[in-house]
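Asker: Got a predicted structure plus its sequence, pasted below:
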Amino acid sequence: MEEKATTPYPECTENIIVLVCEPTTEYGKTIVYQGTTISNALKDYYSFTTNREKVDVLKWIVTQPDFTELKRLSLAENKIFTLYTNQYDELLKTGEIPNNLQIAQKFVSNGYDVFLLSNPNATKSADFIIRQKNRVFYVEGKTSSGGSSLVHRFEKGAEQADRIAINLYQASSVKKIFTEIRYAFERNTNLRSIFLFKGSRLISIERDLFESTYFEKQFKAIWNKKK
């Protein structure tokens, strides 16, 4: 019987500058990959149950030629890629920067490449794939003015992805933020990490930190750092 790959998406590995997808199975046998669309790949992402399968999908997506660089907001070291460059260029010419682009800019300034995803019709989808070296993450973006609770944003975001980025326009008290983050991890068992943007600074809170004995003390120390 022919051995099959666990996922139709070839494993991608870092090769100096770019990610290279090698069409091999976990058994080392070559497979013939039948092309699909990014929308279908995102559907597969939600149907897969293992992290390895999900990561293979994300790495396959970011190698697709459909993405082009959004040069107006990219940096020399890290870049923003989109499927609809012209659409965003028109917005940027008017001086408008949508919420998701602001979050993308902040990821870029903190050392990530960002791949903006559209919301396909009738397909659940998060807002970004972010990449740092050979690590990729699927992220839902949310924006908060600081005046209302983050709980609803966390719960809505957790329906889309297991990682959520929150752009805080106006930071709440450290006690309030801590309470809402703890509540988010408790209520959403699929949630793996939260990215908080306090100004331009990125604060990454992993589930491992949340589950540690010193979570509150460590979070407050991270939150109160100036840089």
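Answerer: Yep, it's here. Not measured: the values here are computed from a predicted model.
Asker: doesn't residue 205 fall inside a strand?
Answerer: Yes. Counting by DSSP: H, G, I helix; E, B strand; the rest coil, residue 205 falls inside a strand.
Asker: Give the bridge partners for it, please.
Answerer: residue 194 (DSSP bridges).
Asker: helix, strand or coil for residue 138?
Answerer: strand.
Asker: check contacts around the residue nearest to the spatial centre of the chain.
Answerer: Nearest to the geometric centre of the chain sits residue 139, at 2.6 Å (Cα atoms, centre = their mean). Contact analysis of residue 139 by Cβ atoms under 8 Å, 6 or more residues apart in numbering lists 126-130, 161, 163-165, 195. In short, each C-beta sits where N, CA and C put it, glycine included.
Asker: Mind putting these into TSV with secondary structure and distance to residue 65?
Answerer: Converted to TSV, the contacts of residue 139 look like this (DSSP: H, G, I helix; E, B strand; the rest coil; distance: Cβ to Cβ, whole Å):
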residue	secondary structure	distance to residue 65
126	coil	21
127	coil	21
128	strand	19
129	strand	15
130	strand	20
161	coil	24
163	strand	26
164	strand	29
165	strand	26
195	strand	28
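Asker: can you list those in TSV and add pLDDT, distance to residue 208 and neighbour count?
Answerer: Below are these laid out as TSV (pLDDT from 0 to 100; distance: Cβ to Cβ, whole Å; neighbours: other Cβ atoms under 10 Å):
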residue	pLDDT	distance to residue 208	neighbour count
126	90	21	23
127	91	24	25
128	93	22	23
129	96	22	25
130	97	19	26
161	92	18	24
163	94	14	22
164	94	16	28
165	94	18	28
195	94	15	22
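Asker: The lowest-mean-pLDDT helix or strand in the chain: what's the following helix or strand?
Answerer: Least confident element among the helices and strands of the chain, by mean pLDDT, DSSP states H and E: strand 18-22 (a mean of 46). Next helix or strand after strand 18-22 toward the C-terminus (DSSP states H and E): helix 38-47.
Asker: Show me which positions of that following helix end up buried.
Answerer: 38, 41-45 (16 or more other Cβ atoms under 10 Å).
Asker: which helices and strands sit right next to the longest helix along the chain?
Answerer: When the chain is parsed with DSSP state H, its longest helix is helix 174-187. Contacts defined by 3 or more Cβ pairs under 8 Å, 6 or more residues apart in numbering; DSSP states H and E place helix 174-187 against helix 151-160, strand 193-198, helix 207-210, helix 215-224.
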